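>>> sequence and predicted structure are below.
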Amino acid sequence: TNENAVGLTVSFDTNRLKLTGFTLGSAMTNGGQNIVNYSLPGKVGMVVAMPSGKSLAAGTNQLLVLQFTASTNASGQTALSLDDSVVIRQVADKTANALAANYVNGAVDLPPQPTLTTAMTGANLQLTWLVSAGTFQVQSADSPLGPWTNATMTITTNGASATVTLTVTNQQQYFRLIGQ
């Protein structure tokens, strides 16, 4: 229980995640310092330290919170690996001696891709998807290859589902959902 500083690199898949920010964790609120380097794609090197002479409380401690945004087509589980590629993995005590430590990789569970269902209601077409799948923008195109543009439609929800209603025309159109 005399850990003062931690250094490591978190590696992630840039095709599935984008680092959008970071904040000091709850264990570091009393004067903790951090150095974060994310100049390499898919790599976040970090060093966090308590003030001189201080140590972390016994038990599990939140040191740094990384904020990610998922890519629009990412779903399922994606790995967060701890390695030495930017910052070497090390834990140090309050007198800067290296301590033995175990490092455990993690993962982020991304929501599944939504299923877009269609239904005709009179002269209208309704597009529906589950709200639990995330927040989406409806896009339309004249061809499945695009170009795609954001459709200006009102999205209504009933708690579990989100729905847009379109007036049917004689023009062929394609629709898709893009995550926000």
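Right, received. Where do you want to start? Residues are numbered from 1 along each chain as shown.

>>> residues in contact with the longest strand anywhere in the chain?
In the chain, assigned by DSSP state E, the strand with the most residues is strand 3-12. With contacts defined as CB atoms under 8 Å, 6 or more residues apart in numbering, strand 3-12 is touched by 19, 42-50, 54-56, 63, 66, 68, 78-94, 96, 99, 103. Every C-beta, even on glycine, is put in place using the N, C-alpha and C of the backbone.

>>> count the neighbours of L177 for me.
Residues near L177, counting by other CB atoms under 10 Å, number 21.

>>> run me through the strand neighbours of the longest strand of the chain, direction for each.
With DSSP bridges as the test, strand 3-12 is paired with strand 43-49 (antiparallel), strand 76-83 (antiparallel), strand 90-93 (antiparallel).

>>> could you point out which element follows the last one?
Looking back up the chat, that one is strand 90-93. The first helix or strand that comes after strand 90-93 along the chain, using DSSP states H and E, is strand 98-99.

>>> isn't M28 right up against M50?
Yes - M28 lies in contact with M50 (CB atoms under 8 Å); the separation is 7.2 Å.

>>> okay, now the unreliable bits of this structure?
Applying pLDDT under 70 to the chain picks out residues 1.

>>> give me the neighbour count for the closest residue to D13 other than its chain neighbours.
Nearest non-adjacent residue to D13, counting by CB to CB, 6 or more residues apart in numbering: T78, 5.4 Å away. Neighbours of T78 under the rule other CB under 10 Å: 18.

>>> quick one: T78 from L56, how far?
Distance of T78 to L56, computed by CB to CB, to the nearest Å: 28 Å.

>>> which residues touch S140?
Residues in contact with S140, defined by CB under 8 Å, 6+ apart, are 148-149, 151, 173-175.

>>> over to N37?
Counted by CB under 8 Å, 6+ apart, N37 has contacts 44-46, 86-87.

>>> of the residues you listed, closest to Q113?
Relative to Q113, the closest of the contacts of N37 is V44; by CB to CB it sits at 26.1 Å.

>>> how close does the closest one get to F12?
8 Å.

>>> overlap in contacts of these two?
Between them, V44 and F12 share the contacting residues L19, judged by CB under 8 Å, 6+ apart.

>>> just to revisit the earlier point, distance from the longest strand of the chain to the middle of the chain?
19 Å (CA atoms, centre = their mean, to the nearest Å).

>>> okay, buried residues for it please.
Buried residues in strand 3-12, counted by 16 or more other CB atoms under 10 Å: 3-12.
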